[in-house]
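K.L.:
fold the stuff below for me.
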Amino acid sequence: MMKRKRFLIFLITGMLMMAAGGCSVDQKTAGDSLPEEWTDLTLEHSMKLLYANQFSVDYYTGGFTMIKINDGGCYLVVPEDVTVPQGLPSDVTVIRQPLQNIYLVATSAMDLFRSLDSVDQVTLSGTDASGWYMEEAKQALEQGKMFYAGKYNAPDYELILSKSCDLAIESTMIYHSPEVKEQLETLGVPVLVERSSYENHPLGRMEWLKLYAVLLGKEELAETCFNQQMDRLKAVMDQKPTGKTVAFFYISSNGYVNVRKSGDYVAKMIELAGGTYVPRNLDENANALSTMNLQLEAFYAAARDADYLIYNSTIDGELNSLNELLEKNGLLADFKAVKEGHVWCTEKNLFQETMGLGRMILDIHEILTVEEPDSSDVTYLHQLLWE
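P.N.:
From the prediction side, this is the model:
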């Protein structure tokens with residue numbers, strides 16, 4: 001009871017501070033002219049996106065930028081010292097620049113901030129130091145430059161408010177705790193729900209770099225970074241398919257084989273690298289998930305003759321040898337890839353490093369085209385050998 005009372009006092013104090021400090025979207029400083037009507041502003045141009053289809057960006061007169069995220073809302077980015085236009089639609093969230101204290105819950109976005117030299121602007125994390133594989137984030141938490149502010153469903157509101165948080169970036173997991181989103185917004189913290197994980201093209205996920213660049217005012221740097229990735233991939237993407245088949249999977253604690261559906265971004269990475277993903281023709285419409293569980297016998301029938309196996313370490317950790325793989329299930333010994341020594345395992349940091357997806361495509365191409373790949377030429381995979 002005392003804790004709740006203390007929080008309510010803190011909340012009221014914070015709201016009074018915002019009213020006094022100009023955080024309200026309608027507040028004007030002395031000498032400000034009345035804001036223009038939103039309907040009077042003119043659309044100048046829209047951002048050109050090559051692969052991403054889960055967001056769009058429109059640029060308006062006056063320096064305003066409108067970000068629209070599929071099923072995630074609309075966000076008006078307002079430049080520093082510019083008054084918010086009147087008459088905004090009620091479903092538009094205002095994000096004021098500059099952003100200096102971001103609460104980042106969506107871990108996949110951290111790598112995009114790193115690519116934009118903006119890790120310092122993330123001062124609050126939804127993941128503690130032990131949960132980060134990205135060294136910059138881990139060090140920032142250990143050095144007190146970033147603070148752990150609680151998981152998506154249990155944020156530390158007092159800490160968030162005390163650090164003058166100006167934006168919370170959440171994954172769609174926040175929809176399981178809608179009261180949290182509502183509470184943050186009540187505190188005056190805009191909440192952006194990002195959907196990069198819904199991109200079925202790996203380069204679409206990387207292209208979310210451009211969305212964060214809009215928030216940070218670093219569009220030019222984002223274009224440079226993204227184009228550099230495209231330049232590195234061009235030679236591989238222009239090549240003909242290798243004819244090699246690749247299965248990407250892990251074995252769950254209850255013995256099921258978890259695989260990606262054929263339209264998933266991992267399957268697309270394998271395709272871009274010159275491979276053919278198996279199992280093929282998995283039911284895309286069974287549910288909205290990008291993965292599905294198979295009985296080992298069904299996986300055996302579909303992937304026994306795959307040229308390469310890639311074990312996904314994300315859920316139950318990395319494997320270090322073929323012996324460890326066969327401890328999962330001895331039936332895997334009959335797979336062609338096991339017999340020929342073409343089994344690889346992902347590194348844990350892959351799924352926290354969104355900009356590494358381009359490098360992962362190059363890694364897969366390397367193992368498909370080089371008989372004995374040098375470990376120094378592969379970043380996100382390691383080969384499983386017999387102990």
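K.L.:
got the phi/psi numbers for N227?
P.N.:
phi -70, psi -30 (degrees, to the nearest 10).
K.L.:
look up how far V57 lies from it.
P.N.:
17 Å (CB to CB, to the nearest Å). Heads up, the C-betas are built off the backbone N, CA and C, glycines and all.
K.L.:
if you count what's nearby, which of these two comes out ahead?
P.N.:
V57 (20 against 10; other CB atoms under 10 Å).
K.L.:
now the more buried one: closest residue in space, sequence neighbours ignored.
P.N.:
M47 (3.8 Å; CB to CB, 6 or more residues apart in numbering).
K.L.:
all strands for the stretch 51-200 of the chain, in order.
P.N.:
All strands of the stretch 51-200 of the chain, identified by DSSP state E, counting those that start in this stretch, fall at 55-60, 65-69, 73-78, 92-96, 102-104, 122-125, 147-148, 167-170, 191-193.
K.L.:
pull the distance from the fourth one to the chain's centre.
P.N.:
In this view, strand 92-96 has its centroid 21 Å away from the chain centroid, taken as CA atoms, centre = their mean, to the nearest Å.
K.L.:
please apply the same query to the shortest one.
P.N.:
Taking CA atoms, centre = their mean, one finds strand 147-148 lying 19 Å from the centre of the chain it belongs to.
K.L.:
same thing with stretch 92-110?
P.N.:
13 Å.
K.L.:
helix or strand right after the lengthiest strand in the chain?
P.N.:
Across the chain, the longest stretch assigned as strand under DSSP state E is strand 244-251. Going down the chain from strand 244-251, the next helix or strand is strand 257-260, by DSSP states H and E.
K.L.:
touching the helix or strand that that next one is followed by from outside, list them.
P.N.:
Counting by DSSP H and E, the next helix or strand C-terminal to strand 257-260 is helix 265-272. With CB atoms under 8 Å, 6 or more residues apart in numbering as the test, helix 265-272 has contacts from 199-202, 204-205, 233, 236-237, 241, 246, 248, 260-261, 276-277, 290, 357, 360-361, 364.
K.L.:
just the ones of those in helices?
P.N.:
Among the contacts of helix 265-272, the members falling in helices (DSSP state H) are 202, 204-205, 233, 236-237, 357, 360-361, 364.
K.L.:
now for the most centrally placed residue in the chain: which residues touch it?
P.N.:
Geometric centre of the chain, nearest residue: S108, 3.1 Å, by CA atoms, centre = their mean. By CB under 8 Å, 6+ apart, the contact set of S108 is 171, 196-197, 205, 351-352, 354.
K.L.:
just the pLDDT for it.
P.N.:
On the pLDDT scale, S108 is placed at 93.
K.L.:
just put the strands of the stretch 51-200 of the chain in a markdown table and tack on mean pLDDT.
P.N.:
Shown next, in a markdown table, are those (pLDDT from 0 to 100):
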| stretch | mean pLDDT |
| --- | --- |
| strand 55-60 | 98 |
| strand 65-69 | 98 |
| strand 73-78 | 97 |
| strand 92-96 | 98 |
| strand 102-104 | 98 |
| strand 122-125 | 98 |
| strand 147-148 | 98 |
| strand 167-170 | 98 |
| strand 191-193 | 98 |
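K.L.:
distance to T39 for those - can I get that in JSON lines?
P.N.:
What follows is the strands of the stretch 51-200 of the chain, written out as JSON lines (distance: least, CB to CB, whole Å):
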{"stretch": "strand 55-60", "distance to T39": "11"}
{"stretch": "strand 65-69", "distance to T39": "13"}
{"stretch": "strand 73-78", "distance to T39": "13"}
{"stretch": "strand 92-96", "distance to T39": "13"}
{"stretch": "strand 102-104", "distance to T39": "31"}
{"stretch": "strand 122-125", "distance to T39": "35"}
{"stretch": "strand 147-148", "distance to T39": "41"}
{"stretch": "strand 167-170", "distance to T39": "26"}
{"stretch": "strand 191-193", "distance to T39": "24"}
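K.L.:
in the chain, where is pLDDT below threshold?
P.N.:
Applying pLDDT under 70 to the chain picks out residues 1-35, 283-288.
K.L.:
all helices for it, in order.
P.N.:
Ranges of helices in the chain, per DSSP H, are 2-21, 110-115, 135-142, 157-162, 178-186, 202-206, 209-216, 219-237, 265-272, 296-303, 322-328, 336-340, 357-369.
K.L.:
any buried residues in the fourth one, and which?
P.N.:
What it means is helix 157-162. 157, 160-161 (16 or more other CB atoms under 10 Å).
K.L.:
quick one: which of those residues is nearest A333?
P.N.:
Nearest to A333 among these is I160, at 51.6 Å by CB to CB.
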